[in-house]
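*Asks:* Below: sequence and its predicted model.
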Amino acid sequence: MKKISIVIPMYNEHEIANMCYKRINEVIKQLNNYEYEIIFINDGSKDKTLPILEEIASQDNTVKVISFSRNFGHEAAMIAGIDYSSGDGIVCMDADLQHPVECIPQILDTFNQGYEVISMVRTANKSAGFVKNLTSGLFYKILNKISEVHFEENASDFFAITKKPAEVLKKHFRETSRFLRAYVQSIGFKKTTIEYEAHDRAAGESKYS
Ligand code: UDP
Ligand code: MG
């Protein structure tokens, strides 16, 4: 594994964009022997997210910005990021630092052990609340009953894949209504999970009402 792509969707994240870039850069700069790129996807933000990202990219040529003409949603943004990434390993994570960037070295170790699909699994979901945890638990119970593939219940939009599953996603998973965190678990390849403890949102509010 030579090159790592970090894929980060942003919708109205002007309070966070710079902080997110700084934190990722701190961690990624310390990785010796890896090339890297950071791909930010501006998902039709109505605030200053895009000019901030463009400013960052103008100072740092490891940063690429994809910008949507309107808001297409988190999953469409992740797919675009995966499509444009050139890394041997791709890490998808949220902009608000709820997905700890400190996990990136462990993800790379896990790639180097031969795993191609890594689902990041929340240990505790403090912010989600009782009802959300209960309904999502039920959802996965039913899904696992009807499916041949086992899906991790606490898998998140924080996951990492190598080039091979990324190619499969690019070619064969092009529906407009998607469920990416589950797709990545269903396409085969050697897969595993890593546990992480979700942080609180670094600033701003959830973009889902
Ligand atoms: N996001 C996006 N498009 C949207 C909504 C959210 O790209 O339409 C991004 C958002 O900027 C963040 C990630 O998806 O990087 C997760 O969003 P958020 O933190 O608001 O979700 P929550 O953690 O509350 O589930
Ligand atoms: Mg969040």
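*Replies:* Received it, and whenever you're ready, just let me know what you need. Ligands and ions are numbered 1, 2, ... in the order given.
*Asks:* rest of the way, CA atoms for contacts and neighbours
*Replies:* Fine.
*Asks:* can you list the residues that contact the helix or strand containing Lys141?
*Replies:* Lys141 is part of helix 130-146 when elements are defined by DSSP states H and E. Identification of contacts with helix 130-146 by C-alpha atoms under 8 Å, 6 or more residues apart in numbering yields Asn125, His150, Phe151, Glu152, Glu153.
*Asks:* hmm, try it at 6 Å
*Replies:* Contacts to helix 130-146, defined as C-alpha atoms under 6 Å, 6 or more residues apart in numbering, come from residues His150, Glu153.
*Asks:* what does the average pLDDT come to for the following helix or strand past that helix?
*Replies:* Once the chain leaves helix 130-146, the next helix or strand it forms, by DSSP H and E, is strand 155-162. Mean pLDDT, strand 155-162: 89.
*Asks:* The chain against ligand 1: which residues are in contact?
*Replies:* Neighbours of ligand 1 within the chain, by C-alpha under 6 Å from any ligand atom: 9-11, 13, 43, 71, 73-74, 77, 94-96, 206-208.
*Asks:* Just the buried residues of these.
*Replies:* Pro9, Met10, Tyr11, Glu13, Asp43, Asn71, Gly73, His74, Ala77, Asp94, Ala95, Asp96 (16 or more other C-alpha atoms under 10 Å).
*Asks:* Phi and psi next, for the third one.
*Replies:* In this case it means Tyr11. With angles defined as degrees, to the nearest 10, Tyr11 sits at phi -130, psi 110.
*Asks:* With the fifth one instead?
*Replies:* Per-residue torsions, Asp43: phi -90, psi 60 (degrees, to the nearest 10).
*Asks:* Enumerate every residue touching it.
*Replies:* Met10, Tyr11, Phe68, Asn71.
*Asks:* distance of it from Tyr196?
*Replies:* Distance, Asp43 to Tyr196, using C-alpha to C-alpha, to the nearest Å: 26 Å.
*Asks:* so where do the strands sit in this structure?
*Replies:* Remark: strands assigned in the chain by DSSP state E are 3-10, 35-42, 63-67, 89-92, 117-122, 155-162, 191-196.
*Asks:* Reformat these into JSON lines and put distance to Lys145 next to each item.
*Replies:* Listed next are these as JSON lines, based on distance: least, C-alpha to C-alpha, whole Å:
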{"stretch": "strand 3-10", "distance to Lys145": "32"}
{"stretch": "strand 35-42", "distance to Lys145": "35"}
{"stretch": "strand 63-67", "distance to Lys145": "38"}
{"stretch": "strand 89-92", "distance to Lys145": "27"}
{"stretch": "strand 117-122", "distance to Lys145": "20"}
{"stretch": "strand 155-162", "distance to Lys145": "17"}
{"stretch": "strand 191-196", "distance to Lys145": "20"}
